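Novice: Sequence first, then the predicted structure, then my questions.
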Amino acid sequence: MAVTEQLHLGSNLSERLSPVLSKIRVTADRTEQFSIVRAWFNQHEGDLANDINDLTFLCTLPREERTLLTYPVIGNWVLGRMASFVPQTDHQRAGFTLLRGLVVEERFVNDHWNLEPKEDFNKKEDEFNSFLLKDPDDSMVLDEMMRKISGEMDDAITNGNLPKLDTYTSDLGHGLLAPVYSFYFLTHLYLYNLVEMRSTEPLDYSIMVVDDQRPGEWYQRMISVGFKHIDGQQGYFLDCESALEALQAGHYDVILTDLDLGKGKMSGLDFVEKAYAIQEGKGIVPRLSVFSYDNTLLQEAEKRLHRWDKKDQKVFQQVNYNNKAYFTAIGFRMDVGRLLADEARFGA
């Protein structure tokens with residue numbers, strides 16, 4: 001728990017934010033402004049607003065200041081609402097602790113705060129969802145809690161209960177509700193949808209990961225969110241050449257490869273073509289995907305490997321979304337789940 005400085009309890013949001021606003025207004029350096037806000041909110045995790053009406057102050061700020069402060073302030077408001085939750089089981093208690101930690105970090109890892117990669121946060125998101133899937137029914141209580149919190153903001157805006165001011169620099173939907181929903185999606189985007197898809201059980205599908213940097217880590221994350229590990233079969237590889245040898249000898253249902261495997265090594269693009277042919281030759285439905293830090297390579301893969309005509313398509317989803325900085329194992333599992341549903345509905 002952060003050490004919280006004393007603030008005027010009888011003041012409103014504008015007055016409570018005045019210390020941090022004063023600090024950021026005396027520097028024009030954007031990176032320094034973000035650092036000031038992060039440091040200040042690391043000391044202040046409590047709800048700074050008296051009520052939802054008070055939060056509308058955010059929508060009166062200049063865009064630059066609003067971008068800095070919206071997610072931290074809204075995150076604190078969400079944390080305040082979460083404080084009334086009473087876990088009924090050990091699983092809920094542990095899940096709540098993980099969720100609270102993500103909400104604390106989401107204040108600084110969001111579409112406004114895009115100064116740094118989300119990889120550490122995404123890894124924690126995979127760990128969180130892996131835990132939820134151990135008991136999805138019990139975990140859904142956390143999604144219900146977050147739904148009620150977002151619903152409180154939604155109702156206030158939809159019912160027109162909030163002030164309508166000419167001084168707003170952002171509408172209430174974008175300025176308040178959208179940030180609240182970003183916190184709600186921590187449970188709703190994956191857990192809720194997997195429950196709705198009736199796809200919370202571990203998948204009976206083995207996976208191969210090819211990556212020249214952290215293949216073992218990616219593989220373990222995939223296994224943690226429900227892919228199958230086959231005893232005695234290696235599931236991750238540093239290069240395409242050894243992966244192709246293993247593919248010839250073993251059984252892999254899903255394949256994920258990086259696109260740039262290092263100088264002098266086979267590219268992920270060429271690997272996909274060869275792996276696709278091997279899977280077809282063995283009578284295994286080819287289910288291949290790619291990821292990369294390099295958006296240029298992802299765009300090249302999009303043009304070469306993804307087709308509307310499935311006869312010519314070598315990968316199973318729009319690969320230009322698969323930048324590693326934003327990639328999660330749980331999101332990939334969702335993609336595979338949709339693919340399997342399509343196969344069941346329309347045929348492989």
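Specialist: Perfect, I can see it now.
Novice: shouldn't Thr70 be in contact with Gly175?
Specialist: Yes: shown here, Thr70 and Gly175 form a contact pair, counting by CB atoms under 8 Å, at 6.7 Å. C-beta here means a position set from N, CA and C on the backbone, and glycine is covered the same way.
Novice: list the residues that contact both of these two?
Specialist: By CB atoms under 8 Å, 6 or more residues apart in numbering, Thr70 and Gly175 have these common neighbours: Leu58.
Novice: So for these two, which sits in the more crowded spot?
Specialist: Set Thr70 next to Gly175 and count neighbours by other CB atoms under 10 Å: Thr70 wins out with 24 against 21.
Novice: For the strand or helix carrying the more buried one, buried residues please.
Specialist: Secondary structure assigned from DSSP states H and E places Thr70 in helix 63-82. Judged by neighbour count using 16 or more other CB atoms under 10 Å, the buried positions of helix 63-82 are 65-79, 81-82.
Novice: and if you look at stretch 325-343?
Specialist: Using 16+ other CB under 10 Å as the test for burial, stretch 325-343 gives 327-337, 339-340.
Novice: Just the residues contacting that stretch, thanks.
Specialist: 117-119, 122, 125-126, 129-130, 190, 193-194, 197, 199, 203, 205, 218, 221-222, 224-227, 254, 256, 285, 287, 289, 291, 293, 316-317.
Novice: again, 6 Å this time
Specialist: 117-118, 122, 125-126, 129, 190, 197, 199, 221-222, 225-226, 254, 291, 316-317 (CB atoms under 6 Å, 6 or more residues apart in numbering).
Novice: Count the neighbours of Arg214 for me.
Specialist: 16.
Novice: Give me the phi and psi for it.
Specialist: The phi/psi pair for Arg214 (degrees, to the nearest 10) reads phi -140, psi 60.
Novice: quick one: which of the contacts of stretch 325-343 sit in strands?
Specialist: Val254, Phe291 (DSSP state E).
Novice: Return a ChimeraX selection command for the buried portion of the contacts of stretch 325-343.
Specialist: ChimeraX command restricting the contacts of stretch 325-343 to the buried ones, with burial defined by 16+ other CB under 10 Å:
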select :118,122,125,126,129,190,199,221,222,225,226,254,291,316,317
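Novice: Poorly predicted segments of the stretch 101-250 of the chain, please.
Specialist: 115-117 (pLDDT under 70).
Novice: any idea where the helices of it begin and end?
Specialist: 119-132, 136-158, 172, 178-187, 193-196, 215-224, 240-249 (DSSP state H, counting those that start in this stretch).
Novice: So which of these is nearest Asp51?
Specialist: Among the helices of the stretch 101-250 of the chain, the nearest to Asp51 by CB to CB is helix 136-158 (9.1 Å).
Novice: Can you mark which positions in stretch 151-161 are buried?
Specialist: Residues Met153, Asp154, Ala156, Ile157 are the ones in stretch 151-161 that count as buried (16+ other CB under 10 Å).
Novice: Mind putting the residues you listed into CSV with distance to Leu305?
Specialist: Shown next, in CSV, are the buried residues of stretch 151-161 (distance: CB to CB, whole Å):
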residue, distance to Leu305
Met153, 41
Asp154, 40
Ala156, 46
Ile157, 43
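Novice: Go through whichever strand or helix holds Ala301 and flag the buried ones.
Specialist: Element membership of Ala301, judged by DSSP H and E, is helix 295-305. Across helix 295-305, burial judged by 16+ other CB under 10 Å covers Leu297, Leu298, Glu300, Ala301, Glu302, Leu305.
Novice: go on, stretch 189-208?
Specialist: 189-192, 194-195, 199-200, 203, 205-208.
Novice: same deal with stretch 213-224?
Specialist: So for stretch 213-224, counting by 16+ other CB under 10 Å, buried means Arg214, Pro215, Trp218, Tyr219, Gln220, Arg221, Met222, Ile223, Ser224.
Novice: With distance to Pro19 as extra columns, can I get those in JSON lines?
Specialist: Output for those, formatted as JSON lines (distance: CB to CB, whole Å):
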{"residue": "Arg214", "distance to Pro19": "41"}
{"residue": "Pro215", "distance to Pro19": "47"}
{"residue": "Trp218", "distance to Pro19": "43"}
{"residue": "Tyr219", "distance to Pro19": "47"}
{"residue": "Gln220", "distance to Pro19": "43"}
{"residue": "Arg221", "distance to Pro19": "40"}
{"residue": "Met222", "distance to Pro19": "45"}
{"residue": "Ile223", "distance to Pro19": "47"}
{"residue": "Ser224", "distance to Pro19": "42"}
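Novice: Done for today, thanks.
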